[in-house]
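K.L.:
below: sequence and its predicted model.
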Amino acid sequence: MKERIVIAEKVASSAESLGDVGPQSEASASATGAAAVLETVNARIGRYRWTICALLFFAATINYVDRQVIGILKPTLKSELGWDEIAYSNIVFWFQAAYALGFILMGRLMDRFGTRKGFSFAVLFWSLAAMAHALASSVMGFGAARFALGLGESGNFPASIKTVAEWFPKKERALATGIFNAGTNVGAIVTPLSVPWIAGHLGWRMAFIITGALGFIWLIAWIALYRKPHEHPRVKKPELDHINSDPAEAEMKIPWARLIPHRQTWAFAVAKFMTDPIWWFYLFWIPGFLHDQYKVPADSITSFGLPLVVIYLAADVGSVGGGWLSSMLIKRGWTINAARKTAMLICAICVVPIVFVSQTSNIWVAVALIGLAASAHQGWSANVFTMTSDLFPRRAVGSVVGIGGMAGAVGGMLIAKVVGYVLQWTGSYLPIFIIAGSAYLTALLLVHLLVPRFTPAGVDQGGTT
């Protein structure tokens with residue numbers, strides 16, 4: 001049986017290299033062959049772990065629908081409620097503040113209570129908070145609703161990364177992370193295609209209610225389908241052996257105090273602090289940028305929604321592509337250190353051209369540059385998240401992701417105020433795009449200085465490696 005599993009794993013590696021590149025495959029024969037190989041692999045090993053990955057994908061989709069609604073409705077809300085850029089930045093700030101606080105609390109929650117209970121609580125909480133926006137009519141009311149939303153939504157990534165660490169061996173984690181992280185971009189695509197129509201026909205309050213209710217549908221599926229691999233009746237021994245193919249780890253809990261001193265923890269936190277704010281800027285301000293810079297009507301799905309769809313479709317490709325790239329390099333014999341950092345370097349370079357966005361008069365040139373940067377960010381993010389399972393034991397992943405997520409949210413708090421005041425005082429997006437274009441290369445340099453080699457953190461020994 002063990003020999004058959006090893007053979008199947010080798011076949012799976014070949015299948016991924018052929019099949020995961022999607023429409024870019026060179027010939028239909030290759031795609032057909034890959035599909036046949038994957039069926040063989042699924043029959044021999046099992047594939048239920050990819051069902052779990054699909055649940056994570058849809059959770060990320062709903063998470064981003066709920067958080068992006070306010071960005072899509074920004075022009076409408078500014079007009080109806082009389083907001084200026086500073087007032088809007090204050091609302092975003094409170095979401096980020098709660099996200100910073102909630103991320104570290106939720107990471108600990110996932111490690112303590114497990115992903116089934118912890119994720120259920122997070123989705124229930126953020127869905128109710130998303131619907132509560134419909135009751136708000138002032139900056140303070142929206143700030144309170146955003147604060148509650150930030151607390152709940154902060155549970156998504158600690159839960160998802162911990163689930164990937166529980167359900168996938170290391171060689172598949174970057175790909176699985178890239179796949180579920182692609183759900184964020186699907187959410188960012190669905191929102192501009194649906195919210196303008198809902199707001200135009202039913203009012204902006206119903207946009208918050210309808211999108212917020214999606215979480216309850218997901219929650220039913222999660223409770224019905226999720227268990228830990230060794231407890232799940234649909235996971236057979238070959239797949240369980242595949243999931244547990246990495247060296248065994250001790251089950252003892254790791255206190256936070258033992259994580260903070262490690263350079264690996266700080267490398268992840270620095271990467272999140274410096275680059276997460278750029279994604280927040282895209283999410284909350286790019287719709288307004290297109291509306292202000294190119295006079296795109298906010299209530300039109302075709303003229304307002306289509307550019308955003310193009311941007312986040314590109315981001316989707318980057319999310320899967322970034323994870324696939326480092327996984328492919330590892331399968332070709334590269335070290336984890338070289339593979340991850342090479343993929344991150346390519347992504348960081350691809351962000352740089354965004355500095356020219358505010359200088360172009362053609363909306364589709366701007367969309368292309370923003371789409372390239374968004375794609376690169378998601379490829380970067382897939383590898384940054386996977387760093388945690390490369391450098392830490394599974395039982396510490398939720399807490400480490402929580403620490404890094406808090407750092408990223410603190411960066412998001414800062415960028416919210418910076419963008420608000422820069423736009424209010426100067427009316428120019430150029431300084432913000434310069435920051436965006438340089439953040440990733442700077443972050444990668446700091447990551448490399450902190451962790452020259454991807455050596456696992458010695459958390460069990462209490463050292464500072």
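P.N.:
In hand now; what should we look at?
K.L.:
contact partners for Pro456?
P.N.:
Pro456 sits next to 264, 390-393, 465 when contact means Cβ atoms under 8 Å, 6 or more residues apart in numbering. C-beta coordinates here come from the backbone N, C-alpha and C atoms, glycine included.
K.L.:
next: Pro158.
P.N.:
Shown in contact with Pro158 (Cβ under 8 Å, 6+ apart): 103, 106-107, 109-110, 398-399, 401-402, 405.
K.L.:
let me have the residues you listed in TSV, extended by secondary structure.
P.N.:
Written out in TSV, the entries for the contacts of Pro158 read as follows (DSSP: H, G, I helix; E, B strand; the rest coil):
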residue	secondary structure
Phe103	helix
Met106	helix
Gly107	helix
Leu109	helix
Met110	helix
Gly398	helix
Ser399	helix
Val401	helix
Gly402	helix
Gly405	helix
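K.L.:
how about the closest residue in space to Lys236 that isn't next to it in sequence, secondary structure?
P.N.:
With sequence-adjacent residues excluded and distances taken as Cβ to Cβ, 6 or more residues apart in numbering, Lys236 is closest to Gly46, at 5.2 Å. Secondary structure, three-state DSSP: Gly46 is coil.
K.L.:
and Gly46, what does it touch?
P.N.:
Neighbouring residues of Gly46 by Cβ under 8 Å, 6+ apart: 235-236, 238-239, 242.
K.L.:
ranking those residues by neighbours, who comes first?
P.N.:
For those, the largest number of neighbours (other Cβ atoms under 10 Å) sits with His242, at 23 neighbours.
K.L.:
got the confidence number for Gly412?
P.N.:
We have a pLDDT of 88 for Gly412.
K.L.:
so what does the helix or strand that it is a member of touch, helix or strand wise?
P.N.:
Take DSSP states H and E as the rule and Gly412 turns out to sit in helix 394-426. Using 3 or more Cβ pairs under 8 Å, 6 or more residues apart in numbering; DSSP states H and E as the contact definition, the elements that helix 394-426 packs against are helix 85-113, helix 156-167, helix 256-259, helix 263-294, helix 363-391, helix 430-450.
K.L.:
6 Å instead?
P.N.:
Helices and strands touching helix 394-426, by 3 or more Cβ pairs under 6 Å, 6 or more residues apart in numbering; DSSP states H and E, are helix 85-113, helix 156-167, helix 263-294, helix 363-391.
K.L.:
what is the orientation angle of it with helix 430-450?
P.N.:
Using axes from the mean of the first three to the mean of the last three Cα atoms, to 10 degrees, the direction of helix 394-426 lies 150 degrees away from that of helix 430-450.
K.L.:
which positions in helix 394-426 come out as buried?
P.N.:
Of the residues in helix 394-426, 394-413, 415-416, 418-420, 422-423 count as buried by neighbour count, 16 or more other Cβ atoms under 10 Å.
K.L.:
same question for stretch 46-62.
P.N.:
Going through stretch 46-62 with 16+ other Cβ under 10 Å, the ones that come out buried are 46, 48-49, 52-53, 55-62.
K.L.:
and the residues you listed, which of them are in helices?
P.N.:
Counting by DSSP state H, the members of the buried residues of stretch 46-62 that fall within helices are 48-49, 52-53, 55-62.
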